[in-house]
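Visitor: my questions are about this predicted structure, shown below with the sequence.
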Amino acid sequence: MNTQAMKHDLLKHLIPVAVVATVAAVILVSPAAAGKGGHGNGGTNTSSSGSLSLTAESTYGSLNPASPSWCLTEDDFDQRTFSGSLSGTYSTQFRLCDGNTDYSGGISWTAGGEGIMATVSVVGTLADLTITSPNGTVHHAELMSSSTSKGATINTYAVCYSPSFSLSTNTGTDPLAGGAWSVTLSGQISKVAWTATVEMAYPQYQQASCPVDEQNLTS
């Protein structure tokens, strides 16, 4: 076999391998794929401009095998991490279970004790970080801390939306409304580290992570 024929034969074997490797790499790193994964994630990500993107998502579901996969309910966990820069607005959504419409395993499912929290550390100007309920009620982030690193000021903000929890019994009442909840970040920000989380809003979680006036705690 001459040299040209040998090269042609080798390429026929290498090209399919290269294609498979490229597809596998896209599947592993695609933010769109990460944004659609996880138990109960009915969310979408929308952005105006900048490099801000979903970089990681950690999820686990209720141990109850009858719990729905399309919405978040008691004991579910979904945390999304975003990084990059932003000029404008970026929004991500979580779908909480609605007792009037979400049935699975013969059970009507609500959001249970799930709460929503978002924290962001920014270099630049934050216009707002909000959590918006399905009926349009909005909670706004508050400044939690400031620090300076290499001459840059880093401000950290947090916002929460939680059902009522009892400090004495560690139990929740009045689940958050079912439906699509939006977490939205806006501003002119050169560096962003942002997490948006749905998890059980136990008192210790609220006290450690939420602005005082957004903690929903009773005696």
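Guide: That came in fine, so what should we check first?
Visitor: what comes up buried for stretch 157-172?
Guide: 157-163, 165, 172 (16 or more other Cβ atoms under 10 Å). Placement of C-beta: from N, CA and C, glycine included.
Visitor: any idea which of the residues you listed is least confident?
Guide: Minimum pLDDT across those is recorded for residue 172, with 91.
Visitor: tell me the pLDDT of residue 37.
Guide: 36.
Visitor: partners of the residue nearest to the spatial centre of the chain in the sheet?
Guide: Nearest to the geometric centre of the chain sits residue 80, at 3.2 Å (Cα atoms, centre = their mean). Per DSSP bridges, the residues bridged to residue 80 are residue 57, residue 196.
Visitor: any idea how far residue 125 is from it?
Guide: The spacing between residue 80 and residue 125, counted by Cβ to Cβ, to the nearest Å, is 23 Å.
Visitor: for residue 168, same thing?
Guide: In terms of Cβ to Cβ, residue 168 sits 42 Å off from residue 125.
Visitor: what's the answer for residue 59, then?
Guide: In terms of Cβ to Cβ, residue 59 sits 32 Å off from residue 125.
Visitor: compare those two (neighbour count), which wins?
Guide: residue 59 (16 against 11; other Cβ atoms under 10 Å).
Visitor: how about the backbone phi and psi for that one?
Guide: phi -140, psi 150 (degrees, to the nearest 10).
Visitor: start at 382, not 1
Guide: Understood, numbering begins at 382; the last thing we discussed is residue 440.
Visitor: just checking, it touches residue 458?
Guide: Yes. Using Cβ atoms under 8 Å, residue 440 is in contact with residue 458, at 6.2 Å.
Visitor: can you map out the strands along this protein?
Guide: 426-430, 434-441, 458-477, 484-485, 488-489, 495-513, 519-521, 523-530, 533-542, 545-547, 553-554, 560-581, 598-599 (DSSP state E).
Visitor: pLDDT (mean, whole number) over the longest one?
Guide: Looking back up the chat, that one is strand 560-581. 96.
Visitor: quick one, that strand and strand 495-513 angle?
Guide: When axes from the mean of the first three to the mean of the last three Cα atoms, to 10 degrees is applied, the directions of strand 560-581 and strand 495-513 differ by 130 degrees.
Visitor: and strand 560-581, what does it pack onto?
Guide: If you count contacts as 3 or more Cβ pairs under 8 Å, 6 or more residues apart in numbering; DSSP states H and E, strand 560-581 packs onto strand 458-477, strand 495-513.
Visitor: a markdown table please, covering those and showing distance to residue 600 and mean pLDDT.
Guide: Below are those laid out as a markdown table (distance: least, Cβ to Cβ, whole Å; pLDDT from 0 to 100):
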| stretch | distance to residue 600 | mean pLDDT |
| --- | --- | --- |
| strand 458-477 | 26 | 96 |
| strand 495-513 | 19 | 97 |
